[in-house]
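Student: Build the 3D model from these lines:
(2 chains)
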Amino acid sequence: MSSAVILIVEDNERNLKLLRDVLGVRGYSTVEARSAEEALDRVRADRPHLVLMDIQLPGMDGVAALRELRALPDGAALPVVAVTAFAMKDDRDRLLAAGFDGYLEKPIDIRSLPSTVASLLAARELEPLP
Amino acid sequence: MTAPGSTSPLPDRRLEELSDQVAQLLDQQAATNDVLRAIGRPEFELQPIFETVLENAMRLCRAHAGQIFIHEGDHYRLACASGGSDEYRSVIAARRVPLGSGTLAGRVGLERRAMMIADIATDPEYDTEEQRLRQRLGGFRTIVGVPMLSEDDVIGVISLWRSEVNSFTDREVELATTFAAQGAIAIRNANLMQQLGSRTRELARSVDQVEGLRKVGEAVSSSLDLDVVLSAIVRHAVELSGTEGGSIFEFDDDEREFHVRTAYGTSEELVDALRRTHVGIHNTLVGRAASTGTSLAVPDIAEAASDPHLTQLLRAGWRSMLAVPLVRTNRILGALVVRRRAPGEFSPQITDLMETFASQSALAIHNARLFRELERKTAELEVAGRHKSEFLASMSHELRTPLNAVIGFSEVLLDRLFGDVNAKQEEYLEDIRASGRHLLELLNDILDLSKVEAGKMELDLVDVSLRHLIEDAVAMVRDRAIRKGLTLEVAVDDDVDAVTADPLRLKQVVVNLITNAVKFTPDGGRIDVRAEHAGGEYRVEVRDTGVGIAETDQQRIFDAFQQGPRTVSESAEGTGLGLTLSRQIVKLHGGRLWVASRAGEGSTFTFAIPVSAPARAPEPDGPAAARGESADGRGRTVLVVEDDPRSLELMTLYLRGSGFDVRAAPDAEQGLELARRLEPDAIVLDIVLPGLDGWDLLALLKSEARTARIPVVIVSMLDERGRGFALGAADYLVKPVGREDVVAALARCTTAAPVTVVTLTDDPLVLELLDAVAADDAYRVLAASTGEGVLALARSEHPDVIVVDVFTDGVDVFEVVEELRAGSRTAIVPIVVLTSEAMTAESKRRLHGQIDRMAGRTELDRRMLTDLVGSLADPRGRAEGR
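Tutor: As a prediction, the model looks like this:
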């Protein structure tokens, strides 16, 4: 078992901080990206185990970012969860159809977030730092 | 003649007299012929007749001069004179002879008989200065006057003169009287002919006008294409006014100018020139005509005060014109102009006629403008609707982002992820979190509502227990009620249970109603939640002892953001959208939600939903309640054809227990008779029967229209399903059968699929109409507002009838109808086209033969739909909606 690295892709500073702090306090190490381009760099450099991806980003959006990410070595199997304030039912379907492994609607229920993350990582036998 | 035997010859004198008489008679004969020929001439001019009459009278009466006077108003006018000096004739020509006894003519007129003055020089009554003057000039002495009588009126007088004293003989006077009578006939005929001629011309003109106006009216009502209408109007206007060219100017309100809209009999050059000319309201005669609302004529453009419009006309060779205003309800719409290449006046008749044309043109312009306005508004509304959706989506996104942080961070702290918080801090954190949640709720309600409005809310229908759903909802609100010291009682009848519904949405409705009741009921009050099963629907009622709602506010509270005056101290709670949304959700379930209340006496909110909700989410506000799966045989008649008493008893027991009304027949013959008479909802048929067997009966039932539609469930010892289905059985059960088997089979086949109506329209009124027409569970209405939409629905939903609204915006209805007819699945489905009088004949022709019915909106009714559905052979073999 090794400690899991989670990449948070989010352009809103406060929401980024919220995710970082909640996951941090649960023992996950996090890396951050504020744009799709940066996210792709981080995936290459930091090889995260899970990506939480905001959809509406400056420039390239989360869906396009996912497409590029899947083309990266190791990118195909990387769990990527869409985190979005688009709240329409078809948004959820649209994102899952685009290849996201999960869908979290904002506002995020931070009480259930740790278990969601844990179950996504469980398949890869990763767990937070003790 | 001479006496017999007398040999003396006739005396010469006598002979002379006789030959004289013969000559005179011949002369008279010739004269009369002369006059009659003149009278009979086709052109019928009076003057030559007068001349002929006078000349012959003078000659035969041996007069030296003569005159014919014609009665006109208060005098006699000299119509014809002969003989006498030139000076004399010019004097009498200028004079009018007054009526009355002052003159011989006047006297003859008064006395209505021939009169003679033997010698005017000695006649005491013939002694005025004028008479003497005449006598001096004419040198006349003896005078006779005869009246020209038509019916009883004196229409003129003939006077004959001799220049020496020599009385006219009786015969001569008689002759003159005859000529006078002929003259009178001539005058009367001439008048009649004239009247006839003008009447004929008038008639011909009005026939032309009526025909022209009819054509114009037709053009106005049959086409919304303004150019077509106006060019028809201007063409007819020019043709009927006997002018050579014309144009219609349209007034541009913004520029305060007139623009040539259409022209007839006008050169391209002039039209171009007029287009370049500023035809203003003050600087042109056309403008003045339009602005003052009066027709203005210019008899000679070359002589008239020039203006920019007239200058162009003159340059192009036009000399006279008439401008008629086009005005409607005091608004200047334009002007109609007709022109001639020659100068000349415009008669009042022509002006009247052109004014009629102008009012038709004004109507056409008015209609066309209304139509354009309507089109523009529709387009604007569409854009506005799209903007609204886009706005809501982006607002939702933008608000959720900060809310995420507000709620998230307060929860982080409340969960002590970063250490403890004290009681006060915890209280405030709860406040922050609750406010954030409230905002979120508001946001969700707004989104939901906009989804309903946009027809995008879909129900996730499943079979659920309404009882449990209500209990869950009550549990969610009970705490709050207890905190207010309210009594919350729940009574759900035993038969309230299975329902097809979207549980989350329906629970949202129940929670909303109870939450409202809690909110508006003062501490210590009471809330009753009741649910019952009544007439194929469930009714859920929430009654409180709260502040109540005045009747005037009872509709308003269902409007968005209207909490009404019953908003009390807790106004921060709730979004003001709850009732609006609840009503929409209930509607989507095929039900309705209403309130009964009086101010100060509490309120009762009730919703009713069909026991089986629609199988698919309908379009917004669609009723579409379907008769769903139900094991309930309530009110349905089943005929059991069974010869074995024990089997019959058992079957009867099964079916009665499920609420079916059971009738029995021991053999096929009685079975057939009962089936014809009762037309039961279903037949349970045993195969082995005495005499005719079950197969025979099945074949007989299916061969008669009246009984063919009744579903037959075969219950037999033998497993011959193939044969059973081939003969038209609805289901086939092999004995022994249990109660569940037979009830389920009956439920399947007596549950008529609802008649599916697919409609193409974007008009809420049409949807409402269909809702009203098909307002029960035997129908479901699916609506689309685009061509693709309706084609997709028609292919996937197996409609029984398709209703196409010809005025659906942006849709080529003809194309849609053609595609429907071309599609293999949709070719035979009856199509009703909703139209209006305004549809052009051309359009109607295009649809002819393609569709089954063309109907005005008001004609669309239940019977028409049922007839059309019934006219279609049912290829799917399912029962028709009843």
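
Student: any idea of the mean pLDDT for stretch B:826-843?
Tutor: Confidence over stretch B:826-843, taken as the mean pLDDT, stands at 71.

Student: same thing with stretch B:129-136?
Tutor: Model confidence over stretch B:129-136 averages 71 on the pLDDT scale.

Student: Report the buried residues of it.
Tutor: B:131, B:134, B:135 (16 or more other CB atoms under 10 Å in any protein chain shown). Yep, even glycine has a C-beta here, placed from its N, CA and C like the rest.

Student: SS state for the residue nearest to the spatial centre of chain A?
Tutor: Note on chain A: the residue nearest the mean C-alpha position is residue A:52, at 1.1 Å, using CA atoms, centre = their mean. Secondary structure assignment for residue A:52 (DSSP: H, G, I helix; E, B strand; the rest coil): strand.

Student: Then the one 4 residues further on?
Tutor: When the structure is reduced to helix, strand and coil (three-state DSSP), residue A:56 reads as coil.

Student: roughly how far apart are it and residue B:228?
Tutor: Residue A:56 sits at a distance of 52 Å from residue B:228 (criterion: CB to CB, to the nearest Å).

Student: Report pLDDT for residue 83.
Tutor: You didn't pick a chain, so chain A it is. The predicted local distance difference test score for residue A:83 is 90.

Student: oops, chain B please
Tutor: The pLDDT attached to residue B:83 in the predicted structure is 85.

Student: That one reaches residue B:65, doesn't it?
Tutor: Yes: shown here, residue B:83 and residue B:65 form a contact pair, counting by CB atoms under 8 Å, at 3.0 Å.

Student: More neighbours: these two, which one.
Tutor: Shown here are residue B:83 and residue B:65; by other CB atoms under 10 Å in any protein chain shown, residue B:65 has more neighbours (23 against 19).

Student: Can you tell me how far that one is from chain A?
Tutor: According to CB to the nearest CB, to the nearest Å, residue B:65 stands 115 Å off from chain A.

Student: Contacts only, for that residue.
Tutor: Counting by CB atoms under 8 Å, 6 or more residues apart in numbering or on different chains, residue B:65 touches B:58, B:81, B:82, B:83, B:84, B:88, B:138, B:140, B:160, B:161, B:163.

Student: repeat that for 6 Å
Tutor: Neighbour list for residue B:65: B:83, B:84, B:161 [criterion: CB atoms under 6 Å, 6 or more residues apart in numbering or on different chains].

Student: what about the nearest residue to residue B:820 once chain neighbours are set aside, distance to residue B:853?
Tutor: Among residues not flanking residue B:820 along the chain, residue B:826 sits closest, at 4.6 Å (CB to CB, 6 or more residues apart in numbering or on different chains). Counting by CB to CB, the gap from residue B:826 to residue B:853 is 16 Å.

Student: what does chain A put close to chain B?
Tutor: Counting by CB under 6 Å from any CB of the partner chain, the positions of chain A adjacent to chain B are A:12, A:14, A:15, A:18, A:25, A:85, A:87, A:106, A:107, A:110.

Student: quick one: buried residues of stretch B:704-715?
Tutor: Neighbour-count burial for stretch B:704-715 flags B:707, B:709, B:710, B:711, B:712, B:713, B:714, B:715 (criterion: 16+ other CB under 10 Å).

Student: Ok, stretch B:811-831 next?
Tutor: For stretch B:811-831, a neighbour-count test (16+ other CB under 10 Å) marks B:811, B:813, B:816, B:817, B:819, B:820, B:826, B:829, B:830, B:831 as buried.

Student: tell me the contacts of the nearest residue to the second one once chain neighbours are set aside?
Tutor: Looking back up the chat, that one is residue B:813. Here the nearest residue to residue B:813 in space, its sequence neighbours aside, is residue B:806; by CB to CB, 6+ apart that works out to 5.0 Å. Contacts here follow CB under 6 Å, 6+ apart; on that basis residue B:806 touches B:813, B:833, B:835.

Student: Closest to chain A out of those?
Tutor: residue B:813 (29.5 Å; CB to the nearest CB).

Student: Now do residue B:501 against residue B:137, distance only.
Tutor: 121 Å.

Student: Name the residue in those two with the higher neighbour count.
Tutor: For residue B:501 against residue B:137, the residue with the higher neighbour count under other CB under 10 Å is residue B:501, and the figures read 30 against 17.

Student: Could you count how many residues lie near the residue in chain A positioned nearest to chain B?
Tutor: Nearest residue of chain A to chain B, counting by CB to the nearest CB: residue A:85, 3.5 Å away. Neighbours of residue A:85 under the rule other CB under 10 Å: 24.

Student: Return the backbone torsion pair for the closest residue to it other than its chain neighbours.
Tutor: Taking CB to CB, 6+ apart as the measure, residue A:85 lies nearest to residue B:400, with 3.5 Å between them; neighbours along the chain are not counted. Main-chain torsions, residue B:400, degrees, to the nearest 10: phi -70, psi -30.

Student: What of residue B:851?
Tutor: Residue B:851 adopts backbone torsions of phi -120, psi 170, taken as degrees, to the nearest 10.

Student: quick one: the strands in the stretch 451-600 of chain B?
Tutor: Here the stretch 451-600 of chain B has its strands, by DSSP state E, counting those that start in this stretch, at B:462-465, B:487-492, B:498-501, B:526-534, B:537-544, B:592-597.

Student: what residues are up against residue B:733?
Tutor: B:715, B:741, B:745.

Student: Check for me that it belongs to a helix.
Tutor: No: according to three-state DSSP, residue B:733 belongs to no helix; its state is strand.

Student: Distance-wise, check it relative to chain A.
Tutor: Using CB to the nearest CB, one obtains 42 Å as the distance from residue B:733 to chain A.

Student: Can you name the residues bridging to that residue?
Tutor: On the basis of DSSP bridges, residue B:733 is bridged to residue B:715.

Student: Quick check, pLDDT for it.
Tutor: Reading off the model, residue B:733 has pLDDT 82.

Student: before we move on, the earlier item: could you export the residues of chain A next to chain B to JSON lines, including columns for distance to residue B:610?
Tutor: What follows is those, written out as JSON lines (distance: CB to CB, whole Å):
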{"residue": "A:12", "distance to residue B:610": "46"}
{"residue": "A:14", "distance to residue B:610": "48"}
{"residue": "A:15", "distance to residue B:610": "44"}
{"residue": "A:18", "distance to residue B:610": "46"}
{"residue": "A:25", "distance to residue B:610": "51"}
{"residue": "A:85", "distance to residue B:610": "37"}
{"residue": "A:87", "distance to residue B:610": "30"}
{"residue": "A:106", "distance to residue B:610": "37"}
{"residue": "A:107", "distance to residue B:610": "37"}
{"residue": "A:110", "distance to residue B:610": "42"}
